[in-house]
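Enquirer: give me the fold of what follows.
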Amino acid sequence: MGADSPPPDVADVPRVTTKTVQEMKEEGVPIAALTAYDYTSARLLDRAGADVLLVGDSAANVMAGHETTLPMTLDQMIYHAQCVVRGIDRSLVVVDLPFGAYQGDPTEALDSAIRVMKEAGAHAVKLEGGAPVVEAVERMVTAGIPVMGHLGLTPQSIYDYGTYQVRARDEEEADELRADAKRLEEAGCFAVVLEKIPAELAAEVTASLSIPTIGIGAGDQTDGQVLVSHDALGLSTDFEPRFVRRYARLDETIIDAIGAYVSDVRDRSFPDEDESY
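Expert: Purely as a prediction, here's the structure:
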């Protein structure tokens, strides 16, 4: 490489690791994350360049049709994670620990995380909450399991919140979030998701941490962004939060395509002679 050549992009790696995303923060390269739940979509998202694939418990909503994320079980999360891991070459795969798999005590949390790592071949786990989960995070990190935190709107606590409104607007809750972010960093988290909080607060927390922040509905000054892939691709369109940008309307594409298929079957134009044996 010549003296005047630009340095290589830290994201231009054959396999993204927790070290890669840390280097991306340090170099100011935004981290692109998306959710994934199955082999086929994971394969496409990985090829498209997603840095992080989050096997989210949002599978409860977009894959199973539940109203909340709470019904997802650990066995179901492991199944989805197995499918995603088989589809990737480059992306870092992070798996949500579902509701009930880590809140009881740190030993239960460690057991759940070990199952995800061993049975799914995941690269990291994610869990929601601040101070109450710090001991669990420490236990997992000590065991060699990378952990991503999640603060702000934490969907597993929706019945406690009672609403999907923006979190940490008042100073008391904002102070708690600031403190929790520091607690998670000190406990050993390699990154933290900040969901649906004021952009100014997210920028402040991002600047205060040495580990990356991944925003969703948290403004543009976090170290990366994550979207539910079904929302970004327009597969799920009955959910219209302000922070979602539709990069495609695959619902329309699929409906049109299948409509054409049904029509061809009805008028016996499919299969034709070339498609028959």
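
Enquirer: tell me the helix or strand right after the helix or strand bottoming out on mean pLDDT in the chain.
Expert: Lowest by mean pLDDT, DSSP states H and E among the helices and strands of the chain is helix 158-161, with a mean of 75. Counting by DSSP states H and E, the element after helix 158-161 in chain order, helix or strand, is helix 171-187.

Enquirer: stretch 126-145: which residues count as buried?
Expert: Across stretch 126-145, burial judged by 16 or more other CB atoms under 10 Å covers 126-130, 133-134, 136-141, 145. To be clear about C-beta, it is placed using only N, CA and C from the backbone, and glycine gets the same treatment.

Enquirer: quick one: mean pLDDT over that stretch.
Expert: If you average the pLDDT over stretch 126-145, you get 97.

Enquirer: rewinding a little: which residues are in contact with the least confident helix or strand of the chain?
Expert: Residues outside helix 158-161 that contact it (CB atoms under 8 Å, 6 or more residues apart in numbering): 68, 69, 70, 153, 164, 167.

Enquirer: generate a PyMOL selection restricted to the buried subset of the residues you listed.
Expert: Entered in PyMOL, the line below selects the buried ones among these, by 16+ other CB under 10 Å:
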select buried, resi 69+70+153+167
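
Enquirer: among the contacts of helix 158-161, which one sits closest to residue 97?
Expert: residue 69 (11.3 Å; CB to CB).

Enquirer: name the nearest residue to that closest one, ignoring sequence neighbours.
Expert: Sequence neighbours aside, residue 57 is the residue nearest to residue 69 in space, at 4.2 Å (criterion: CB to CB, 6 or more residues apart in numbering).

Enquirer: and what of residue 77?
Expert: With CB to CB, 6+ apart, the residue lying closest to residue 77 is residue 98, at 5.2 Å.

Enquirer: again with residue 20
Expert: Computed as CB to CB, 6+ apart, the closest residue to residue 20 that is not its neighbour in sequence is residue 13, at 5.6 Å.

Enquirer: next, count neighbours for that neighbour.
Expert: A count of nearby residues for residue 13, using other CB atoms under 10 Å, gives 15.

Enquirer: for the residue lying closest to residue 197 once chain neighbours are set aside, which residues are in contact?
Expert: Distance criterion CB to CB, 6+ apart; nearest residue to residue 197, sequence neighbours excluded, is residue 152 at 4.2 Å. Residue 152 sits next to 167, 168, 177, 193, 194, 195, 196, 197, 218 when contact means CB under 8 Å, 6+ apart.

Enquirer: nearest to residue 109 among those residues?
Expert: Checking the contacts of residue 152 against residue 109 by CB to CB gives residue 193 as the nearest, at 17.3 Å.

Enquirer: excluding chain neighbours, what is closest to that closest one?
Expert: residue 150 (4.3 Å).

Enquirer: so what's that neighbour up against?
Expert: Contact analysis of residue 150 by CB under 8 Å, 6+ apart lists 126, 127, 128, 129, 192, 193, 195.

Enquirer: returning to that earlier point: the buried residues of stretch 126-145 into TSV, with extra columns for secondary structure?
Expert: Shown next, in TSV, are the buried residues of stretch 126-145 (DSSP: H, G, I helix; E, B strand; the rest coil):
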residue	secondary structure
126	strand
127	coil
128	coil
129	strand
130	coil
133	helix
134	helix
136	helix
137	helix
138	helix
139	helix
140	helix
141	helix
145	coil
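
Enquirer: between the residues you listed, which sits nearest residue 223?
Expert: Closest to residue 223, out of all of the buried residues of stretch 126-145 and judged by CB to CB, is residue 126, at 15.4 Å.

Enquirer: can you pull up the bridge partners for the closest one?
Expert: Residue 126 has the following beta-bridge partners by DSSP bridges: residue 96, residue 148.
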